[in-house]
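J.: requesting a structural model of the entry that follows:
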Amino acid sequence: MDDLAHEMAMSKKTLYACFPSKTALVEAVIVDKFKNIDADLNRITSTSSSDCLGALRRLLECVQGHMEEIRPPFLRDIRRETPELFAVVETRRRDLIQRHFGKVFLEGRRAGLIRQDIPSKLAIEILLGAVQAVMSPPRMEELGLTPKSGFTAIMRVVLEGLTTEKGRS
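T.: Prediction:
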């Protein structure tokens, strides 16, 4: 907190007036990051109805860009030291995936680009299960993945399984 207060040219007392603990500060950063991601994803999904595959690509690029900012040691430390904050990350991630990818999956089904024989809710749960299983810090470390490479691989596998022949061509 000393270094941060110095870098921000404020007293440590002022910093603690805004954030009563290091955990509160980290939580505020996490919540703000997810608000930024949500705003970016909203911009993409609000104009996606005519091009769901393009929207999926833009969603992936957006998420990948944000994931580049997150380093595995940060996630590992959050999970180990403050599991309640890691739960915030998982809850926010789940919400974003359900809302934004779910919306585009539904639009893709209507356009015949996403398979009809797999319920959208099931597809989202499969995606969420894969993200939760692979994107945990110990698993990423074990697999030699970064957040970006792990998420990209999951999305590639899930989306290739969900798209129709029309969608793949």
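
J.: how about E27: what's its closest non-neighbour residue?
T.: Excluding the flanking residues, the one nearest E27 by Cβ to Cβ, 6 or more residues apart in numbering is L85, at 5.7 Å. Any C-beta I mention is one placed from the backbone N, CA and C, and that applies to glycine too.

J.: ok, that neighbour to A24 distance?
T.: For L85, the distance to A24 equals 10 Å [Cβ to Cβ, to the nearest Å].

J.: neighbour-wise, which of those two wins?
T.: Neighbour tally, L85 and A24, criterion other Cβ atoms under 10 Å: the higher count belongs to L85, 19 against 13.

J.: neighbouring contacts of the helix or strand containing that one?
T.: If you go by DSSP states H and E, L85 is part of helix 83-96. For helix 83-96, contacts defined as Cβ atoms under 8 Å, 6 or more residues apart in numbering pick out 23, 26-27, 30-31, 34, 37-38, 41, 75, 78-79, 128, 131-132, 135.

J.: packing partners for the longest helix seen in the chain?
T.: Ranked by number of residues, the top helix in the chain under DSSP state H is helix 22-45. Packed against helix 22-45 by the contact rule (3 or more Cβ pairs under 8 Å, 6 or more residues apart in numbering; DSSP states H and E) you find helix 52-67, helix 83-96.

J.: closest to E160 out of those helices?
T.: With Cβ to Cβ as the measure, helix 52-67 is the member of the helices and strands packed on helix 22-45 nearest E160 (11.3 Å).

J.: list the buried residues in the closest one.
T.: C52, L53, A55, L56, R58, L59, L60, C62, V63, H66, M67 (16 or more other Cβ atoms under 10 Å).

J.: quick check: the first one touching G102?
T.: No - C52 lies out of contact with G102 (Cβ atoms under 8 Å); the separation is 11.8 Å.
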